[in-house]
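**Student:** Structure for this input, please:
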Amino acid sequence: MTSSKNLTHSQRLAERKGDHIELAAKARTTSVEVDTRFDYEPLFFTHPSAESTWESRFLGFDLDYPIWVSSMTGGTEHAKTINENLARLCGEFKLGMGLGSCRALLKDRSRLADFAVKRFLGSQPLFANIGVAQLQELVAGNSLAQVHELVKMTESDGLIVHINPLQEWFQPEGDRYTVTPLETLQRFLDSVNYPVIVKEVGQGMGPRSLKALLELPIAGIELGAFGGTNFTLLERLRGQEQLSREGFIHVGHTAREMVGHLNALPVRGKEFIISGGISSMLDGYNLMSRLKANAVIGMASAFLSPALGDYDTLKQFFLAQREALLTAKSLLTVKEDF
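**Tutor:** Presented below is the predicted three-dimensional model:
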């Protein structure tokens, strides 16, 4: 068999035309399959090059692309490999990164190496991560200095606080909120001199919660919307029965719905990470374009599998995502109707 790389130009052309004839029937689409979110504008398009960027500004940091590697893992066997690979990626391509939960470091620094990745990012933003349940405990014990030390020891530029009442409820060993997350955040923010982002972990937030967050002195909100990794479902899959709670797995708000809520509220200078249910760069581009505030696209689980391997695997995965985003930016215009 002749290798395709050894074919002449005319032979390759003939082979390609043969492929077209053979695959034409399989490649048919119907009008109901069209993506109605965009106007397709081929007259204004150029293919992205290896040097193409989409320079963005987020929380005072310069990014080459409006992409944020969202919080994923911490304190596990593979955390060091995952975090170092992701941090290298963010350093090389000038992205932002959130660490997975740093809860373990509050009482034990033996796994600090899992989170010590700032050296790979250089000047790119790195945010530590802690749950509001831990903040509740530290507020009650007048021990918030531990949180500030956590940010310092991880060399982070700020802190992400995750709110996850349903996950905690489903988790047999989960924490219980004895005061509302809003009250905990209000008390915590009185002692903070670094940027804070608040997020949900897979079910998003409704308009009342978003409005309350927008009134707090935080830097931004990560949507963590319904449609991506659902940590309530994850706890259900750990093997606990909890059948009486099953319906709560499907409670929440999609990223599209949350963008609509935010567009109807005064955002008060806040910035946003659009995450949750972002299955492709087309999803991210669509919602980022529709949000009437500064935002970046947050991706977590999509990066997880390639980050477990060698760095080159992760890099190639990112390059494909980058090309898709830059192509969307040049080729597609988001339609005005929502």
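**Student:** quick one: which helix or strand includes the residue nearest the centre of the chain?
**Tutor:** Central residue of the chain (CA atoms, centre = their mean): Gly298, 2.5 Å from the mean position. Using DSSP states H and E, Gly298 falls within strand 295-299.
**Student:** I'd like the distance from that strand to the chain centre, please.
**Tutor:** 6 Å (CA atoms, centre = their mean, to the nearest Å).
**Student:** Could you report the distance from the residue nearest to the centre of the chain to Arg119?
**Tutor:** 23 Å (CB to CB, to the nearest Å). Quick note: C-beta positions are derived from backbone N, CA and C, even for glycine.
**Student:** Mind jotting down where the strands sit in the protein?
**Tutor:** 38-40, 56-58, 61-63, 67-69, 96-98, 126-131, 158-163, 196-200, 220-222, 271-274, 295-299, 332-334 (DSSP state E).
**Student:** Make CSV from those and add mean pLDDT to it.
**Tutor:** What follows is the strands of the chain, written out as CSV (pLDDT from 0 to 100):
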stretch, mean pLDDT
strand 38-40, 93
strand 56-58, 98
strand 61-63, 98
strand 67-69, 96
strand 96-98, 97
strand 126-131, 97
strand 158-163, 97
strand 196-200, 97
strand 220-222, 98
strand 271-274, 98
strand 295-299, 96
strand 332-334, 95
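**Student:** Could you say which one of those strands comes nearest to Thr232?
**Tutor:** Minimum separation from Thr232 across the strands of the chain (CB to CB) falls at strand 196-200, 10.6 Å.
**Student:** counting contacts, what elements does the closest one pack onto?
**Tutor:** strand 158-163, strand 220-222 (3 or more CB pairs under 8 Å, 6 or more residues apart in numbering; DSSP states H and E).
**Student:** What are the contacting residues of the shortest one?
**Tutor:** Outside strand 220-222, the residues within contact range by CB atoms under 8 Å, 6 or more residues apart in numbering are 59, 68, 70, 98, 160, 195, 197-200, 210, 213-214, 270-273, 275, 298.
**Student:** same deal with the first one?
**Tutor:** Taking contacts as CB under 8 Å, 6+ apart, the residues outside strand 158-163 that touch it are 59, 71, 98-99, 101, 125, 127-132, 135, 147, 150-151, 181, 185, 188, 192, 194-201, 205, 219, 222, 224.
**Student:** Out of the helices and strands packed on strand 196-200, which one sits most buried?
**Tutor:** Most buried of those by mean neighbour count (mean count of other CB atoms under 10 Å) is strand 220-222; its value is a mean of 26.
**Student:** Tell me the gap between that one and the middle of its chain.
**Tutor:** 11 Å.
**Student:** Direction included, what does that strand pair up with?
**Tutor:** strand 196-200 (parallel), strand 271-274 (parallel) (DSSP bridges).
**Student:** would you turn those strands into JSON lines with distance to Leu331?
**Tutor:** Below are these laid out as JSON lines (distance: least, CB to CB, whole Å):
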{"stretch": "strand 196-200", "distance to Leu331": "31"}
{"stretch": "strand 271-274", "distance to Leu331": "20"}
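**Student:** quick one on the thing from earlier: tell me which of the helices and strands packed on strand 196-200 sits nearest to Lys94.
**Tutor:** Short answer: strand 158-163, nearest of those by CB to CB, at 17.2 Å.
**Student:** Mind naming the longest helix for this structure?
**Tutor:** Longest helix in the chain, counting residues (DSSP state H): helix 311-331.
**Student:** and stretch 273-287, which residues are buried?
**Tutor:** 273-278, 281-287 (16 or more other CB atoms under 10 Å).
**Student:** Can I get the residues you listed in CSV including distance to Ile82?
**Tutor:** Output for the buried residues of stretch 273-287, formatted as CSV (distance: CB to CB, whole Å):
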residue, distance to Ile82
Ile273, 19
Ile274, 22
Ser275, 17
Gly276, 20
Gly277, 22
Ile278, 19
Met281, 21
Leu282, 26
Asp283, 23
Gly284, 21
Tyr285, 26
Asn286, 28
Leu287, 26
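**Student:** so which two of the residues you listed are the farthest from each other?
**Tutor:** Ile273 and Leu282 (17.6 Å).
**Student:** Okay, now the unreliable bits of this structure?
**Tutor:** 1-5, 16-17, 19-20, 23-27, 73-77, 230, 239-244, 338 (pLDDT under 70).
**Student:** what ranges do the helices span in it?
**Tutor:** 9-23, 79-93, 112-115, 118-121, 132-140, 145-153, 165-170, 181-189, 207-214, 231-237, 255-263, 281-290, 301-308, 311-331.
**Student:** Let's have the ones you listed in JSON lines, adding distance to Asp337.
**Tutor:** Putting the helices of the chain into JSON lines (distance: least, CB to CB, whole Å) gives the following:
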{"stretch": "helix 9-23", "distance to Asp337": "35"}
{"stretch": "helix 79-93", "distance to Asp337": "34"}
{"stretch": "helix 112-115", "distance to Asp337": "44"}
{"stretch": "helix 118-121", "distance to Asp337": "39"}
{"stretch": "helix 132-140", "distance to Asp337": "37"}
{"stretch": "helix 145-153", "distance to Asp337": "43"}
{"stretch": "helix 165-170", "distance to Asp337": "33"}
{"stretch": "helix 181-189", "distance to Asp337": "34"}
{"stretch": "helix 207-214", "distance to Asp337": "21"}
{"stretch": "helix 231-237", "distance to Asp337": "32"}
{"stretch": "helix 255-263", "distance to Asp337": "12"}
{"stretch": "helix 281-290", "distance to Asp337": "10"}
{"stretch": "helix 301-308", "distance to Asp337": "28"}
{"stretch": "helix 311-331", "distance to Asp337": "18"}
